[in-house]
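Trainee: fold the following.
(3 chains)
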Amino acid sequence: MRTPFTIRLIQSTPKSGWLAIAIFATLTLVCVPLAHLALPESNPLHLSAYTVSLLGKILCYMVVAVAMDLIWGYAGILSLGHGLFFALGGYAFGMYLMRQIGRDGSYGADLPDFMVFLDWKALPWYWAGSDSLLWALFLVVALPGIVAFVFGWFAFRSRIKGVYFSIITQALTYAAMLLFFRNETGFGGNNGFTDFKRIVGHDITSPEMRVTLFALSAALLIACLVLGRYLVSSRFGRVLAAIRDAESRVMFIGYNPLHYKLFIWTLSAVLCGLAGALYVPQVGIINPSEMSPANSIEIAVWVAVGGRGTLVGAVLGAGIVNLAKSFFTVTVPEYWPFFLGFLFIAVTLYLPDGVVGLWRSLRERRATAAASDAAAAPVPAPRAAASGPDPVAVSKGATA
Amino acid sequence: MIDLTQLDRAESAAVAQAALLANEQREQWESEATTSHLVKSGELDLSHNVILYLDDITVSFDGFRALNKLSLTIDAGELRCIIGPNGAGKTTMMDVITGKTRPDSGKAFFGQTIDLTRLTEPEIAHAGIGRKFQKPTIFERLSAFENLELAMKADKRVRRTLFASLFDEERDRIAGVLKQIRLTAEADRPAGLLSHGQKQWLEIGMLLMQEPRLLLLDEPVAGMTDDETERTAELFVSLAGKHSLMVVEHDMAFVEALGGKVTVLCEGSVLAEGDLASVQADSRVIEVYLGR
Amino acid sequence: MFRSIVMKRMFGVALLLTLLAAPARAALDPSLLAGFAGDFQGRMAAIEALGVAGGDDARRVLDALEAGRLGVIGGRAVIVDGDTVRDAASGEALDQGAGDVELVTLNNRVRRTLANARAALALTSADRAERLGAAITLGDNPNETLLPVFDRALAAETDEEIRGILARAAARIKLASPDALTRLRAVRALGESSDPAVKNLLEGLLQKRDGNWVEAHPEVRTAAKLAIDDIEGRIAIAEGVGTVFSGLSLGSILLLAALGLAITYGVMGVINMAHGELLMVGAYATFLVQGLFRSYLPAYLDWYVAAAIPVAFLSAALVGVAMERLVLRHLYGRPLESLLATWGLSLVLIQAARVIFGPQNLELANPSWMSGGAELAAGVVLPYNRIVIIGFAVFVLVLIWLMMQKTRLGMFVRAVTQNRPMAGCVGVPTARVDTLAFAIGSGVAGLGGLALSQIANVGPAMGTGYIVDAFMVVVLGGVGQLAGAVWAALGLGIFAKFLEGWAGAVIAKILVLVFIIVFIQKRPQGIFALKGRFSDS
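Mentor: Prediction:
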């Protein structure tokens, strides 16, 4: 008999996973808000505004990491342009935030400050509707989605793979960054959007709003994890794995890889966009540097550090690297690039399966050493592409 | 450069047959032009008992003609063996049939109505042509069971696949094929860990799951033990009739075991056609295989 | 401001000295100076007359007027020289007190006339800059009376730029002539030009002012139209040539960056994201060599670039070999991981450069033989440094080609590029080939950095922008295809420059990207790809 979808959705995440999610949800949806709102500042458990924003920011990064893992860890497509989708979501929501400033900007005009500064008299056409929250939310999903869909359609249709695809995504985000740097593009040029005042009329700096945004980020992350877990354990996920192994074989048994790649690619971009939309009000600024190739490639490192091909690895990786970054940039900023650079090298050389892989192999070693409770089979998650060759560029190798 | 006097009977028969077919097909085309609304396109039409027409196919790569005016037909339910020296164009022919390579000129029809040169690989697979590669290509990271599940005939569009789950009867069918290819014990192991022969079998199993009308098999018994080869031959013979098969093989014992008609390809076109004994007796075939 | 005042002072002192040295030299016709005793009109006429007459004495008088030392005593023009009063025409000292002299006053119109007259005199100066300045001053408000001055200066002038300005000024005067034939001749003469300024001048004739044509005669107007077309054609050609040239020089840099990348990518199937940083290494090596020359061999400073060639090559090659040995070798067959690891390397290299050399951009001086440029037409200058870079790229290309085609190593590299396992089977030492190929590819990138240092600033992040472009060249050209890389680099360079001229740099960049994506739709294997059964996996 066919199992109903909802049950399959629930079953796709193992019990231990649900337990972890429950703990995480309690922490983020109950403990953190209480610690920030209810506890007085003198209390040692009180969380400062800075900490809540930092954690909220990292939650958004974790969503991005999960989105990246879906496309890279499971479909074997390394995107070096995911920062673009993140930024597009951020800009889409940022437009709404700019309009919410109303006449409280430094020029006291109806138009956002940077437009007044450029001596523009009216909003450009693409800002139409930006004062509506619903439209903004639609754009948050649609903008990265459409860009990803169109780009992906062209790229996947011409069977651009492997490093080719990676580099072209990098070029894409680079070009977009240049575009957004221009004042004439109408998104604030260099400075981007900042000085936000409120969301749906509520003060954006109020503790309640901060906690709400934080909780929304946490909820988004949980939703991403459950959805991602379902996807990768469904037949769809197996088709993705199959495409990664032998794309032409997949075609000859009747699946069109283009559609599958396009779906997961667009979904991944939309998730990034949502994360970006939640990120912007929490950090209070969005500018084109979010689209710089360096930012996008850093996302890949989060996933690599945590462990590709495991959703939990992506989340861990984003957390570890970003906490390290906060630590470094506060204490020894000039060493951060060295640390990050060596992290890139060390992870790819010595930790191909990331922290999760390390933990697993340690546990396996212990299990074989003890050789007692071998029955405790770990959750069978698709292994990362450490051993097999990734689909190399179109012109290599032979089938003859 | 071909000396016409040297054409033997089989050859001229083949030429005549090809010409006849070309004619027939043109007629078919012309009638189709008027009655196409009657034939549901996309549905395999075997009204002339022919499942595959290749007519005058030419494929060249940078001046090198891999296929040179190749014409070939396979009847419905037939088991055809294709032999030929290296570089004769066997793999390229399969590429053309499965949509991987587009011919420079010529026609390729599946049944009476399906123009293969206009379809993509997945569409061709959907129409009912299954292919087994020379080198076993399976999904190494998936288990044998999952390999078969993916190959199973089903709606393979994204929307359906997202929400797909196995019916009990589908599960039974996979179990049946696993038994047939003797991989029941290995069902849950990653396919990458199977032996070479087992991989070959798994790929054949995937073909079976696809339930294709026409199977293209590129050297299916390479790397198999004699015992395995024998069983493969038995399987193929049992499939013929319900399915049509086109087998490319170098192993003459295997070809002999299959019985059926043999086509010899050389330098991109058909050199000879007939049963194995008559082909093996053909002086030009001997020349091609033993050197000039 | 300050500087010009000082110059004037010095000039004044020098003038004084000359005057003292040769006090008695009469040359000027006193009648020329009569006007100074009259009204402003008379003074202007006198000034103009002096300007047209030319000569050292006229200059002396005009300089005195400028300095406010020209005066009149009893209808006679005199120059006050300290306490001495001298006759303006002859320079003889007169026995009259400076207090009796009525100094000649100037108003703005007279001052303008004076400036023109002084410029007219300066046209015969031996100093090119002075002549150029004078020509520009005169060209701004030409005056009919100056026509003979222009004609005289034109006859003697050899400098093209000054000639152009003078000829244009003369033509403008002639265009205002009441005689239609003179105007027609002037228009036809101007049609020979390729200067946008002349075009503007002629276009002025074809406008109407207050309902009347600026140029009354229809035939002259027709001639003007033809002349404008001619000039426009020449400008378009010159601009086209200029764009193609800058495209070529951009393409040369791209080629130098891409050649190395094509080799390493072809051999190892690895995109070296730190390839741009190898350019940076080459550029900093050039900077160091320049510094060494400056300190120890200042006499040969002009040749530091030549000395930097091996240094840039070797230093980049060394860094490349280290990368290959320490990192890439261990990532064989994992191209995406290699991408990340090499990106990490690039981060480390950039930060290292920042720590060692500081974050600021350094500007390298071109050697003198590379500064300046060849002027193709008015406004289109082909800078020598870019010409040298194009030549250098060709030189490197030929070397690489020879290496790939004629040496054993080249054969090995080609073999490994085409089929690594097979090459290994027939005894090609693939590991050594990898290292050597990486060294050469990196070295060529270093040479690219050397070239880049001659036209752009050297800074820690200078290489980051080039990796994507270089990779695009490799994609367009087809992997392992030298000819493809050349065509792709030059084509991309020229295409980008034309787009830049048309749509601006940013839009051009985006359009190039779109073009490449569309191109790959049509030819996924690049311009010069191998087709056939080996071309897909």
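
Trainee: when you work out contacts or count neighbours from here on, use the C-alpha atoms and nothing else.
Mentor: Fine.

Trainee: where's the residue of the stretch 201-350 of chain A found nearest chain C, which helix or strand?
Mentor: Here the residue of the stretch 201-350 of chain A nearest chain C is A:G341; by CA to the nearest CA that distance is 3.8 Å. In the assignment (DSSP states H and E), A:G341 maps to helix A:336-350.

Trainee: okay, buried residues for that helix please.
Mentor: A:336-349 (16 or more other CA atoms under 10 Å in any protein chain shown).

Trainee: count of residues packed around A:W120?
Mentor: 13 (other CA atoms under 10 Å in any protein chain shown).

Trainee: quick check, pLDDT for it.
Mentor: In this model, A:W120 is scored at 87, pLDDT.

Trainee: also the one 4 residues further on?
Mentor: The model reports A:P124 with a pLDDT of 89.

Trainee: so what's it up against?
Mentor: A:G186 (CA atoms under 8 Å, 6 or more residues apart in numbering or on different chains).

Trainee: of the buried residues of helix A:336-350, just say which sits nearest to A:E184.
Mentor: Taking CA to CA as the measure, A:E184 lies nearest A:P337 of these, at 32.6 Å.

Trainee: leaving aside the residues adjacent along the chain, what's closest to the residue in the stretch 151-300 of chain C positioned nearest to chain A?
Mentor: The nearest approach of the stretch 151-300 of chain C to chain A comes at C:I271, 7.1 Å away (CA to the nearest CA). Closest residue to C:I271 apart from its sequence neighbours, by CA to CA, 6 or more residues apart in numbering or on different chains: C:Y265 at 5.5 Å.

Trainee: please apply the same query to C:G247.
Mentor: Nearest non-adjacent residue to C:G247, counting by CA to CA, 6+ apart: C:I494, 3.8 Å away.

Trainee: mind listing what's buried in the helix or strand harbouring that neighbour?
Mentor: Per DSSP H and E, C:I494 falls inside helix C:482-503. In terms of neighbour count (16+ other CA under 10 Å), helix C:482-503 has its buried residues at C:482, C:484-500.

Trainee: where does chain C dip in pLDDT?
Mentor: Counting by pLDDT under 70, the ranges of chain C that qualify are C:1-27, C:141-142, C:376-380, C:479-481, C:521, C:523-537.

Trainee: so which residues of the stretch 251-400 of chain A form strands?
Mentor: Here the stretch 251-400 of chain A has its strands, by DSSP state E, counting those that start in this stretch, at A:285-286.

Trainee: for chain B, what's its nearest residue on it.
Mentor: Counting by CA to the nearest CA, the stretch 251-400 of chain A gets nearest chain B through A:G254, at 4.0 Å.

Trainee: show the pLDDT at that residue.
Mentor: 87.

Trainee: which residues does the nearest residue to it once chain neighbours are set aside contact?
Mentor: Distances taken as CA to CA, 6+ apart put B:P122 closest to A:G254, at 4.0 Å, once the chain neighbours are dropped. Taking CA under 8 Å, 6+ apart as the criterion, B:P122 is in contact with A:M251, A:F252, A:I253, A:G254, A:Y255, A:N256.

Trainee: and what about B:P122, helix, strand or coil?
Mentor: Put simply, B:P122 is helix when judged by DSSP: H, G, I helix; E, B strand; the rest coil.

Trainee: which one of the buried residues of helix A:336-350 is nearest C:L146?
Mentor: Taking the buried residues of helix A:336-350 together and measuring to C:L146 by CA to CA, the closest member is A:P337, at 67.5 Å.

Trainee: show me what from the stretch 101-250 of chain A comes close to chain B.
Mentor: A:L231, A:S234, A:R235, A:F236, A:R238, A:V239, A:A241, A:A242, A:D245, A:A246, A:R249 (CA under 8 Å from any CA of the partner chain).

Trainee: re the thing from before, phi, psi for the residue of the stretch 251-400 of chain A closest to chain B please.
Mentor: The phi and psi torsions at A:G254 (degrees, to the nearest 10) take the values phi 100, psi 10.

Trainee: shaky segments in the stretch 1-150 of chain B?
Mentor: Using pLDDT under 70, the stretch 1-150 of chain B drops low at B:1-43.

Trainee: which residue is it, in the stretch 301-450 of chain C, that comes closest to chain A?
Mentor: For the stretch 301-450 of chain C, CA to the nearest CA, closest residue to chain A: C:G344, 3.8 Å.

Trainee: where's that residue, which helix or strand?
Mentor: Here C:G344 is assigned to helix C:335-357, by DSSP H and E.

Trainee: report the buried residues of that helix.
Mentor: For helix C:335-357, by 16+ other CA under 10 Å, it's C:335-354.

Trainee: could you break chain A into its assigned domains?
Mentor: Per automatic domain parsing, the structural domains of chain A span A:31-292, A:356-400.

Trainee: secondary structure class for B:L70?
Mentor: Assignment for B:L70 (three-state DSSP): strand.

Trainee: count the residues that sit near it.
Mentor: Counted with other CA under 10 Å, B:L70 comes out at 24.

Trainee: list the contacts of it.
Mentor: B:L54, B:D55, B:D56, B:I57, B:T58, B:G268, B:S269, B:V270.

Trainee: from those, pick the one nearest C:R185.
Mentor: Distances from C:R185 to these, taken by CA to CA, are shortest for B:T58, at 69.5 Å.

Trainee: so that closest one touches B:S105, yeah?
Mentor: Yes: in this structure, B:T58 is within contact of B:S105 by CA atoms under 8 Å, at 5.3 Å.

Trainee: end to end on stretch A:105-121, go ahead and measure it.
Mentor: Length of stretch A:105-121, first residue to last, CA to CA, to the nearest Å: 16 Å.

Trainee: for stretch C:102-114, same thing?
Mentor: Start-to-end, stretch C:102-114 (CA to CA) is 19 Å.
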